[in-house]
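Colleague: Sharing a model prediction with you, sequence too.
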Amino acid sequence: MARILITSALPYINGIKHLGNLAGSMLPADVWARFKRGQGHDVLYICATDEHGTPAELAAAAAGQDVRTYCDEQHQIQKAAGEAFGLSYDHFGRSSNPPNHRLTQHFAEALERNGLIEERVDRMIYSIDDARFLPDRYVEGTCPHCAYPKARGDQCDNCGRLLDPTDLIDPYSSVSGSKNLEVRDTRHLYLLQTKLEQPIRDWIASKDDWQTLAKSIAYKHLDEGLIDRGITRDLSWGIPVVKDGFPRPGMEDKVFYVWFDAPIEYIGATQEWAEKHGTTWRDWWRLDAGAEDVRYVQFMGKDNVAFHTVSFPATILGSGEPWKTVDTLKAFNWLNWYGGKFSTSQKRGVFMDQALELLPADYWRWHLTAYGPEGSDAAFTWEQFQSTTNKDLADVLGNFVNRIVKFTESKFGGVVPEGGEAGPVEAKLIEDVNAGIAEATAAFEAMEFRKAAQALRAVWVLGNEYLQVAAPWTAFKTDPAQAAVGVRMGLNLVALFARLAAPVMPFSAVKIAASVGATDLTWPAPGEDWTTALPLGQTVQAAEVLFRKIEDTQVAEWSERFGGAEAA
């Protein structure tokens, strides 16, 4: 049994997340965590709300709340949304909690001891109309490299270059739109990433099994040349730079940059989990405390990769301490909304709470896994969502389950029947299903979720094809014993399909299993005989309709409410 640590990109605190956020980190992390738990592994899935920085301050002000109250409220909202979507976090923490404060200050001290922190005078953008220094992502303008007109001061979303606000052409405040800006002196601490370029490059080179997307983004930033990064900001909400034992004259009003402290919260949230459960966290994160046998896997959208392959490793490696670093980084492309981006700030697209008002979580979980932004950017459209839901879930999986269970109720007294012997048709079915399970297993192991989902669908299709050939409803008229064979095989397939669906559709898996009196939702082991999982005579009972088809009227209504083709 392996020990597996899983983290997904931390959702930012300012508002509930949209389907693009879900598809690009939290959902695939959960699917993989459920898959590995189903195999019997010891899994720790950690996530948290990312709560510091200017966006939190501004969102709180807009809501008429102090920032702590705002974050307290939003954390609970996001936690509830994750639970409603079945995200099986072992702990969902908060970057504003004490463990992350202690750890962030600890890493800063370690980096300073190693000569990797330097105090500099910055020339930073000050908005006269806003009466504040503007953190980098709140300065927007034209990218000096690709001429994209809406580049942020920390990164250009068009060409991917990491930027400083002063690099931008024709900058303006994204808080107010004001161009009444000036550059003022302010003192800040810098992490000397330039001194760590070779260790970071060597570390990335050692990751032979990383996907091309993640590795190419990492090398792109290295090849462009690392820059030293400011790790403090002129804000009131954040982790203070100055504390007992770490005096920094002139830094009393500074806090650490959110992108410095946020990744450290993976460790902080693990400490929160350990404190809550009265256990240890060090054997998950410290190589000198037993973490050598931990496999650490991160899930995130491609826009977060640079920070997790360069900046956070710079913190970890630069500390000189035996911290666990990520073994596998699974990066996702963007889920687009009719040709444009989902956007939290612009309220563009469907958000997690809204999605659950329309349909149960498993409809969304299936679509975002089976048709998500894995190998390339993917576009969400209502029409595709309707088509794939109706075909995959209603016509293939739901139809199979309801069909065989209801037939058992009507012709075999609602119990798993005995009698008859399996023949060549059943032997071929078993062979094909086992091959399909192996294909799905390999795809999940490789974190190729679209391939895994299509392998699952192919197995469900095999069940429908078998019923067409075995035709127990026809055989029942002349050979009830032979009909019993088909029914018995079909019911055991239902139990198997529940287990296969469990990582992606946990709520539906429970209902499917319950319809044949099963409770086992573990992942099938290689060579396992699933054909006799249900005892003879066990009662079965058809569930309510598992998956209702999405009607054209619903698509029209949702397009009107959320936008559709006209949003392109």
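Modeller: Looks like it arrived, so ask away. Numbers count the residues shown, from 1 in each chain.
Colleague: Next up, the contacts around the residue lying farthest from the centre of the chain.
Modeller: Within the chain, the residue lying farthest from the chain centre (CA atoms, centre = their mean) is residue 478, at 52.7 Å. Taking CB atoms under 8 Å, 6 or more residues apart in numbering as the definition of contact, residue 478 has no neighbours. For the C-beta atoms, the positions are set from N, CA and C on the backbone; glycine is no exception.
Colleague: Kindly provide the distance from it to residue 484.
Modeller: 13 Å (CB to CB, to the nearest Å).
Colleague: And residue 240, by the same measure?
Modeller: 72 Å.
Colleague: which of the two has more neighbours?
Modeller: With other CB atoms under 10 Å as the criterion, residue 240 and residue 484 differ in neighbour count, and residue 484 comes out ahead with 23 against 18.
Colleague: any idea which element that one lies in?
Modeller: Mapping residue 484 onto the secondary structure by DSSP states H and E places it in helix 480-501.
Colleague: Let me see the ranges of the strands in the stretch 351-500 of the chain.
Modeller: Assigned by DSSP state E, counting those that start in this stretch, the stretch 351-500 of the chain shows strands spanning 378-380.
Colleague: Which parts of it are helices?
Modeller: Listed in chain order, the helices of the stretch 351-500 of the chain (DSSP state H, counting those that start in this stretch) span residues 352-358, 361-370, 382-388, 399-411, 424-445, 449-470, 472-478, 480-501.
Colleague: before we move on, what about the stretch 1-150 of the chain?
Modeller: Per DSSP H, counting those that start in this stretch, the stretch 1-150 of the chain has helices spanning 19-21, 27-38, 54-63, 67-84, 98-113. These are given in chain order.
Colleague: Between those, which one is closest to residue 172.
Modeller: Distances from residue 172 to each of the helices of the stretch 1-150 of the chain were compared using CB to CB; the shortest belongs to helix 54-63, at 15.3 Å.
Colleague: for the closest one, packing partners?
Modeller: Packed against helix 54-63, as judged by 3 or more CB pairs under 8 Å, 6 or more residues apart in numbering; DSSP states H and E, are the following elements: helix 67-84.
Colleague: In terms of secondary structure, what does the helix it packs on contact?
Modeller: Using 3+ CB pairs under 8 Å, 6+ apart, helix 67-84 sits against strand 42-49, helix 54-63, strand 91-94, helix 352-358.
Colleague: okay if I get those as TSV plus mean neighbour count and mean pLDDT?
Modeller: Rendered in TSV, the data for the helices and strands packed on helix 67-84 read as follows (neighbours: other CB atoms under 10 Å; pLDDT from 0 to 100):
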stretch	mean neighbour count	mean pLDDT
strand 42-49	24	98
helix 54-63	18	88
strand 91-94	22	98
helix 352-358	17	96
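Colleague: Go through these and name the closest to residue 74.
Modeller: Judged by CB to CB, the one of these that comes nearest to residue 74 is strand 42-49, at 7.1 Å.
Colleague: The closest one - which strands sit beside it in the sheet, and in what orientation?
Modeller: For strand 42-49, the paired strands and their directions (DSSP bridges) are strand 3-8 (parallel), strand 91-94 (parallel).
Colleague: just the angle between it and helix 67-84, please?
Modeller: Using axes from the mean of the first three to the mean of the last three CA atoms, to 10 degrees, the interaxial angle of strand 42-49 with respect to helix 67-84 works out to 140 degrees.
Colleague: and of the helices of the stretch 351-500 of the chain, who's closest to residue 306?
Modeller: Put simply, out of the helices of the stretch 351-500 of the chain the one that sits nearest residue 306 is helix 449-470, at 22.7 Å, with distance taken as CB to CB.
Colleague: Would you quantify the distance from the residue nearest to residue 54 when sequence neighbours are not counted to residue 75?
Modeller: Among residues not flanking residue 54 along the chain, residue 135 sits closest, at 4.6 Å (CB to CB, 6 or more residues apart in numbering). Computed with CB to CB, the distance linking residue 135 and residue 75 is 21 Å.
Colleague: Comparing those two, which residue is more hemmed in?
Modeller: For residue 135 versus residue 75, neighbours defined as other CB under 10 Å are more numerous around residue 135 (24 against 21).
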